[in-house]
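# please work out how this folds:
(one chain, ligands or ions: 1)
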Amino acid sequence: MPSRPDRTLRVGGFVPFSTVDYPGRLAAVVFCQGCPWRCRYCHNPHLQPFDGGAPDWPRIEAFLKTRCGLLDAVVFSGGEPTAQLGLLDAMRAARRLGFKVGLHTAGIFPFRLRGALDYADWVGLDIKAPFERYPATTGCPGSGRSAEDALRIVLHSGVDYDLRTTVHPLLLDEAAKNRIRRHLDRLGARPTRWQEFRAAGCGDEELNAVASASKFDAGQ
Ligand code: SF4
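Model prediction:
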């Protein structure tokens, strides 16, 4: 699976102030460039190519130094942050500045996630489907195995976490949601938070058409 070998974090976007990306904290959000999966509902497809964005971490770190005491946390989102070798240095640097560190991940690289958890105070992990049905959503064989391994690693790490699942009626019916509930229960995980599919940014015309034709409820 492709990933980024550079040591300087490549960044595709930056939000200097967010109230929704780290639970209960004011955070800056770094959108890491590159993701090897191709989720049908992805609303950040411009973050998928590994040659997009720019090696902007040093500039962001300089900005963060001016926000000490004003922000609580720095969140690394994506794309898939663990695809880049530069992630750990950036997380360490954010910690050194006194920020809490959050990580949004789909669990694509479980082994690297294990290393990143040493520098994370909170993780938001996507649960995209029942594990055996992941490829229908991500377009990648073996993706369910990676996600399940990642969840086990998070659960054993003791790092605080939240799980979230995007719901679209073409990808996730009630039976599939019940399978997810059972999987999480079996592993001793917290329930996932169901979040409604957002058409903004999504390039899948079929998903967008169904979503606009039927206003659906993500459920509980
Ligand atoms: S894992 Fe996330 S960034 Fe990657 S394709 Fe899926 S939704 Fe998009």
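# quick one: V75 from the ligand, how far?
14 Å (C-beta to the nearest ligand atom, to the nearest Å). Using the backbone N, CA and C atoms, a C-beta is placed for each residue, glycine as well.
# quick check, that residue in a strand?
Yes - V75 forms part of a strand when assessed by DSSP: H, G, I helix; E, B strand; the rest coil.
# what's the neighbour count on it?
If you count neighbours by other C-beta atoms under 10 Å, V75 ends up with 26.
# which of the helices or strands spans the closest residue to it other than its chain neighbours?
Excluding the flanking residues, the one nearest V75 by C-beta to C-beta, 6 or more residues apart in numbering is G102, at 3.8 Å. Counting by DSSP states H and E, the element that carries G102 is strand 100-105.
# now do V154
helix 143-157.
# buried ones in that helix, by neighbour count?
Within helix 143-157, the residues scored as buried using 16 or more other C-beta atoms under 10 Å are 143-144, 146-151, 153-155, 157.
# repeat for stretch 130-137
Quick answer for stretch 130-137 (16+ other C-beta under 10 Å): 130-131, 133-134, 136-137.
# and for stretch 21-30?
Judged by neighbour count (16+ other C-beta under 10 Å), stretch 21-30 contains these buried residues: 21-22, 25, 27-30.
# related to what we said a few turns ago, ok, the buried residues of helix 143-157 vs the ligand, which is closest?
Using C-beta to the nearest ligand atom, S143 is the member of these that lies nearest the ligand, at 8.8 Å.
# ok, which pair from the buried residues of stretch 21-30 is furthest apart?
R25 and V30 (14.7 Å; C-beta to C-beta).
# returning to what we had before: looking at the buried residues of stretch 130-137, which one is closest to the ligand?
T137 (8.1 Å).
# need the residues that contact the strand or helix carrying that closest one.
T137 is part of helix 134-138, with elements assigned from DSSP H and E. Contacts of helix 134-138 from elsewhere in the structure, counted by C-beta atoms under 8 Å, 6 or more residues apart in numbering, are 37-41, 106, 128-129, 140-144, 147, 171.
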